[in-house]
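**Student:** Sequence and predicted structure, then a few things I'm wondering about:
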Amino acid sequence: MERRKFHINDYDVIVVGAGHAGIEAAVAASRLGVKTAIFTLSLDAIGNLPCNPSIGGTAKGHLVMEVDALGGVIGEAADATTIQSRMLNKTKGPAVHSLRVQSDRRKYSSYMKNLIEKQENLELIQDEIVDIDVENGRIKGVFCRIGAYYGAQCVVIATGTYLRGHIHIGDCSYESGPDNISAAVELANNLLKNNIPIRRFKTGTPARVNRRSVDFTNLIKQGGDDEITPFCFANEYEIENLRDCYIAYTNEETHRIIRDNLHLSPLYAGVIEGVGPRYCPSIEDKVVRFPDRKRHQLFIEPCGLDTEELYLQGMSSCLPFDVQLKMYRTIKGLENVEIMRAAYAIEYDCCDPLSLKPTLESKIIKGLYSAGQFNGSSGYEEAAAQGLIAGINAAFMVTGRKEFILGRDTSYIGTLIDDLVTKGVDDPYRMLTSRSEYRLLLRQDNVDRRLCEIGREVGLLSDRKYDIYLSNKQRLENELERVKRTIIAPSERLNTLLVLKNLEQVHTGISLEQLIKRPPITYDDLLEIDVTRPKALTKLITDKVEIEVKYEGYIARQQQQIDKLKKLENHEIPEDINYQEVVSLSLEAVDKLTKVKPKTIGQASRISGVNPADIAVLTIHLRKHRTAWSDADE
């Protein structure tokens with residue numbers, strides 16, 4: 001029987017999927033004043049944390065703070081549901097300090113569901129989108145499984161790992177999204193029919209185990225930080241560490257069981273076709289790729305306050321259930337472990353991000369945007385960042401505002417999206433601090449100063465958060481000025497401190513700034529000497545002062561590099577350029593430039609296969625035709 005179709009409603013923006021990407025996209029669009037709807041396969045899986053019950057991590061914490069400074073919601077939700085907080089890489093430089101928290105999985109989902117339910121201009125609908133309506137290369141609306149049709153000016157695809165999702169546990173293989181929620185199959189087929197380039201990726205997750213079956217006396221306890229840094233810079237309530245995490249290790253017996261059963265793994269039996277994440281391999285991959293390693297670390301993490309489920313980070317697998325049980329039980333502390341949810345691998349469809357503009361709009365269908373794992377990335381934080389940008393640009397298209405693009409020099413968000421749409425991906429993309437050439441400038445401690453003004457201009461940063469930002473900014477500037485002009489006279493107390501730090505004593509006055517610049521000395525070391533220090537300064541402010549002072553020279557040098565490269569980023573390339581007409585351009589460059597369609601010379605220079613000689617040829621061509629170049633550039 002043919003499915004009956006009926007028109008229900010029209011929206012400005014429709015978001016497909018209510019994971020981390022979909023939530024940010026829908027909330028951003030609705031807060032920017034456009035009529036928005038968000039569709040989900042299940043109202044009980046909104047903002048789900050199907051992999052690890054945590055937010056943040058190396059470089060990922062930067063993304064969460066950047067989304068927050070622009071007016072997004074992931075940081076606020078993470079703070080509200082934190083059960084343990086830790087700043088990673090504290091023994092290293094500030095550029096790589098990254099916040100990571102354990103979130104209460106169910107409370108996080110409830111927080112996000114309630115936020116969406118209360119959001120003005122936003123409707124939440126449980127149904128499966130099975131078809132997109134395209135007319136003359138322009139999005140017109142969507143069709144649902146139950147036959148309902150909804151018109152839309154823009155649609156954001158944020159399907160996560162549900163698009164033709166397929167679960168693998170040993171020789172058990174079935175169609176499903178995470179947590180046994182049905183996969184979205186019809187939409188995948190429809191996107192292919194509409195010429196959206198689709199590829200196959202895979203990811204995995206470890207088992208969940210019962211707390212009562214774990215012997216914690218044989219595990220290494222890992223507590224949270226004594227002083228907690230929130231994700232949301234405007235957070236005004238206290239966050240507490242409510243649960244501990246634990247560290248355990250695999251051993252040679254664990255590895256023997258894995259090696260003896262590799263033939264039962266669909267990953268090594270050739271059953272799984274999708275490409276897995278390079279930086280988050282399964283335990284099978286670790287054992288095979290690093291045969292000389294005697295042990296691998298795993299983290300035992302709580303899933304929430306009202307559940308006994310524990311998550312075994314670092315032990316994702318798709319081995320059969322009985323093998324998983326044997327494998328886990330070889331680990332000290334897990335000898336009697338009870339598995340509540342088996343580890344599994346999941347394959348899913350995603351698009352080739354080279355088919356996207358920097359706004360995350362499709363180059364093939366006007367008004368169709370996408371975000372998150374559908375764009376070939378991995379991780380909640382990467383998804384949220386893309387969702388925010390896709391939602392902003394969809395709303396801007398509806399309201400006629402200029403497209404919104406963040407540069408690599410402004411943020412990790414800008415780096416993430418530029419990498420995706422310019423370089424493409426061969427495996428699920430994960431944000432790393434090493435991916436940014438400007439990481440000394442793109443620190444967590446200066447996120448508010450980098451992005452709050454932009455968030456305000458976009459229209460997402462609330463009055464309350466903007467006022468807090470301005471207040472913090474003024475206090476920081478006042479303190480930076482004070483440490484520059486405050487001179488400390490030589491004294492026995494000061495020289496004693498310097499000797500303890502293996503520094504030369506001083507015999508003349510020295511500024512606080514000069515003292516802080518000396519590597520061994522911290523801002524807090526000078527507490528007893530600095531009698532004029534304001535008492536109301538928070539640790540967040542004093543930490544920022546210390547970083548700004550100590551790294552002033554390095555920061556200035558990197559800023560000079562950015563200023564030079566901006567000339568390339570400011571030179572736009574016409575959309576209608578025919579690269580085949582550019583004399584002396586290599587054949588590979590013609591092919592890559594035609595496919596990516598870079599917006600600027602800077603973006604063109606980052607495309608794989610486009611070399612400096614090609615950029616020189618292209619630059620000469622544009623100058624010759626006086627396209628996008630002023631007389632002053634000659």
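**Tutor:** Noted; the coordinates are in hand. Residues are numbered from 1 along each chain as shown.
**Student:** can we go C-alpha only for contacts and neighbour counts from here?
**Tutor:** OK.
**Student:** Any stretches of the stretch 1-150 of the chain with poor pLDDT?
**Tutor:** Scanning the stretch 1-150 of the chain for pLDDT under 70 picks out 1.
**Student:** hmm, 80 instead?
**Tutor:** By pLDDT under 80, the weakly predicted segments of the stretch 1-150 of the chain are 1-3.
**Student:** Now do the strands in the stretch 1-150 of the chain.
**Tutor:** Using DSSP state E, counting those that start in this stretch, the strands found in the stretch 1-150 of the chain span residues 6-16, 36-40, 54-56, 82-88, 98-103, 122-126, 129-135, 138-144, 148-157.
**Student:** residues in contact with R145?
**Tutor:** 127-130 (CA atoms under 8 Å, 6 or more residues apart in numbering).
**Student:** Among these, which one has the most neighbours?
**Tutor:** Each of these was scored for neighbours by other CA atoms under 10 Å, and I129 scores highest at 25 neighbours.
**Student:** From what I see, that one and V15 are in contact.
**Tutor:** No: in this structure I129 lies outside contact range of V15 using CA atoms under 8 Å: 9.9 Å.
**Student:** okay, now the nearest residue to Y344 once chain neighbours are set aside: neighbour count?
**Tutor:** Nearest residue to Y344, sequence neighbours excluded (CA to CA, 6 or more residues apart in numbering): C318, at 4.6 Å. Using other CA under 10 Å as the criterion, C318 is surrounded by 30 other residues.
**Student:** any idea what C318 is structurally, helix, strand or coil?
**Tutor:** Reducing the assignment at C318 to three states with DSSP: H, G, I helix; E, B strand; the rest coil gives coil.
**Student:** my guess is it meets L325, correct?
**Tutor:** No: look at C318 against L325 with CA under 8 Å: they stay out of range, at 12.0 Å.
**Student:** which residue is nearest the middle of the protein?
**Tutor:** E382 (2.4 Å; CA atoms, centre = their mean).
**Student:** give the contact list for that one.
**Tutor:** E382 makes contact with 60, 63, 372, 413, 416, 430-431, according to CA under 8 Å, 6+ apart.
**Student:** any chance of the strands of the stretch 1-150 of the chain in a markdown table, plus distance to T538?
**Tutor:** Rendered in a markdown table, the data for the strands of the stretch 1-150 of the chain read as follows (distance: least, CA to CA, whole Å):
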| stretch | distance to T538 |
| --- | --- |
| strand 6-16 | 40 |
| strand 36-40 | 40 |
| strand 54-56 | 23 |
| strand 82-88 | 17 |
| strand 98-103 | 18 |
| strand 122-126 | 37 |
| strand 129-135 | 48 |
| strand 138-144 | 50 |
| strand 148-157 | 40 |
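**Student:** out of those strands, nearest to I468?
**Tutor:** With distances scored as CA to CA, the stretch of these nearest to I468 is strand 98-103 (20.8 Å).
**Student:** can I get the CA coordinates of the closest one in PDB?
**Tutor:** Only the C-alpha atoms of strand 98-103 are listed here, as PDB (Å, rounded to 0.1, in the frame of the first residue of the first chain):
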ATOM      1  CA  SER A  98      42.000  21.200  28.000                       C
ATOM      2  CA  LEU A  99      39.000  20.800  30.200                       C
ATOM      3  CA  ARG A 100      37.200  17.400  30.400                       C
ATOM      4  CA  VAL A 101      34.200  16.500  32.600                       C
ATOM      5  CA  GLN A 102      32.300  13.400  33.400                       C
ATOM      6  CA  SER A 103      28.600  14.200  32.800                       C
END
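**Student:** Point out where the stretch 301-450 of the chain drops to low pLDDT.
**Tutor:** For the stretch 301-450 of the chain, applying pLDDT under 80 flags no range at all.
**Student:** overlap in contacts of I129 and V15?
**Tutor:** When contacts are counted by CA under 8 Å, 6+ apart, the set common to I129 and V15 consists of F39.
**Student:** Mind pulling up the pLDDT for N578?
**Tutor:** Confidence per residue is given as pLDDT, and for N578 that number is 93.
**Student:** Give me the neighbour count for it.
**Tutor:** Using other CA under 10 Å, N578 has 11 neighbouring residues.
**Student:** what do you get for H97?
**Tutor:** Summarising burial for H97: neighbours were counted as other CA under 10 Å, giving 22.
**Student:** For it, which non-adjacent residue is spatially closest?
**Tutor:** Of all residues beyond its chain neighbours, the one nearest H97 is N89 (5.1 Å), with distances taken as CA to CA, 6+ apart.
**Student:** do E347 as well
**Tutor:** Excluding the flanking residues, the one nearest E347 by CA to CA, 6+ apart is K202, at 4.1 Å.
**Student:** Likewise for T600?
**Tutor:** Nearest residue to T600, sequence neighbours excluded (CA to CA, 6+ apart): E572, at 4.2 Å.
**Student:** Residues contacting the longest helix seen in the chain, please?
**Tutor:** When every helix of the chain is counted residue by residue (DSSP state H), the longest turns out to be helix 463-485. Residues lying outside helix 463-485 but in contact with it, judged by CA under 8 Å, 6+ apart, are 233-234, 448-449, 452, 456, 511-513, 537, 541, 544-545, 549.
**Student:** Tell me which two in those residues are the farthest apart.
**Tutor:** Comparing all pairs in the contacts of helix 463-485 by CA to CA, the longest separation belongs to R456 and S511, at 36.3 Å.
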